[in-house]
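In: Output the structure for:
(4 chains)
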Protein chains: 2
Amino acid sequence: MTAATLPLVPKSKDAQDAVCCAPIARQPLGEGEAAELAVLLKAVADPVRLRLLSMIGSHAGGEACVCDLTDAFDLTAPTISHHLKVLRTAGLIGSERRGTWVYYWIVPEQVARLGALFTPLAV
Amino acid sequence: MTAATLPLVPKSKDAQDAVCCAPIARQPLGEGEAAELAVLLKAVADPVRLRLLSMIGSHAGGEACVCDLTDAFDLTAPTISHHLKVLRTAGLIGSERRGTWVYYWIVPEQVARLGALFTPLAV
DNA sequence: CTATCATTTAGATGAACGTCGAACCACCCG
DNA sequence: CGGGTGGTTCGACGTTCATCTAAATGATAG
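Out: Purely as a prediction, here's the structure:
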């Protein structure tokens, strides 16, 4: 069946091992780990949410009011609110109501998790 | 309506500008750009595909035969094939038939695109 | 050429998702 | 207190997606 059953690099050095690969290419993801990351990825795997995240992150002061976000889309308020909720539930953004408006900001640690997954891939 | 209409950092220096933020927090993503990236993200926003990508990437020799991948899942062969096709269509992996088996490998450039999107976020 | 093994395609089904309209809640202002 | 504005929640509808079974394709071995 199997063509090669994991020759398993002689775990000797961490020299090349450490720089070489992104976590995703370092060792096979576990089932639970993959499920957890997929939730995070699903949250950003949508054009609207991607733009929302970007608009929030690039907004002056690191915060954006919903009123700043709505106009950029051809969508109703409930839809925008829904997308924001998805991002917030995933822990990618935080929110707070201050007076009349609700403000959103990015949670860098969580966003960085996504980047770290793929980044140190040798190109 | 708008609380603040994008003060727009004086595009002068690239000093702080370059180190500070991930592309996603540098400036608002365009509509087309977001759509294109969403396709890429959707491809990896699935536990099975995430594990497949990881198994391929971490396999000795940088390649993995489908026969090496199937056993790790409780899914039928057509389903695995479907997921591999999604990844391949997104350009994240390449494939080639050699004799009896089909081999898959990661396309680092494309995977790196994902990482670069979120990575240089100041933590 | 035929048998067999591995992979892909096609069609079907049930769940999850994006979107909307309407109702609802929170805060500000007369 | 009551009205108005900004955001969210709720319920519904159509689409997309993951998965299966069954069948077709392709390649290798005898």
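In: near DNA strand D at all, stretch A:97-108?
Out: Yes. Against DNA strand D, stretch A:97-108 shows contacts by C-beta under 7 Å from any atom of the strand at A:Thr100, A:Trp101, A:Val102. Every C-beta, even on glycine, is put in place using the N, C-alpha and C of the backbone.
In: Can I get that stretch in CSV, CA atoms only?
Out: Extracted as CSV, the C-alpha positions of stretch A:97-108 are listed here (Å, rounded to 0.1, in the frame of the first residue of the first chain):
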residue,chain,number,x,y,z
ARG,A,97,-19.4,50.2,22.7
ARG,A,98,-18.5,53.8,23.6
GLY,A,99,-21.5,56.0,23.7
THR,A,100,-23.4,56.0,20.4
TRP,A,101,-20.9,54.0,18.4
VAL,A,102,-19.4,50.5,18.6
TYR,A,103,-15.6,50.3,17.9
TYR,A,104,-13.6,47.4,16.6
TRP,A,105,-9.9,46.6,16.8
ILE,A,106,-7.6,43.8,15.7
VAL,A,107,-6.2,41.2,18.1
PRO,A,108,-2.7,41.0,16.8
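In: Just the buried positions in the helix or strand A:Pro78 falls within, please.
Out: Element membership for A:Pro78 (DSSP states H and E) is helix A:77-89. Of all the residues in helix A:77-89, those buried under the rule 16 or more other C-beta atoms under 10 Å in any protein chain shown are A:Ile80, A:His83, A:Leu84, A:Val86, A:Leu87.
In: check whether it contacts DNA strand D.
Out: Yes. Residues of helix A:77-89 are located near DNA strand D by C-beta under 7 Å from any atom of the strand, namely A:Ala77, A:Pro78, A:Ile80, A:Ser81, A:His82, A:Leu84, A:Lys85.
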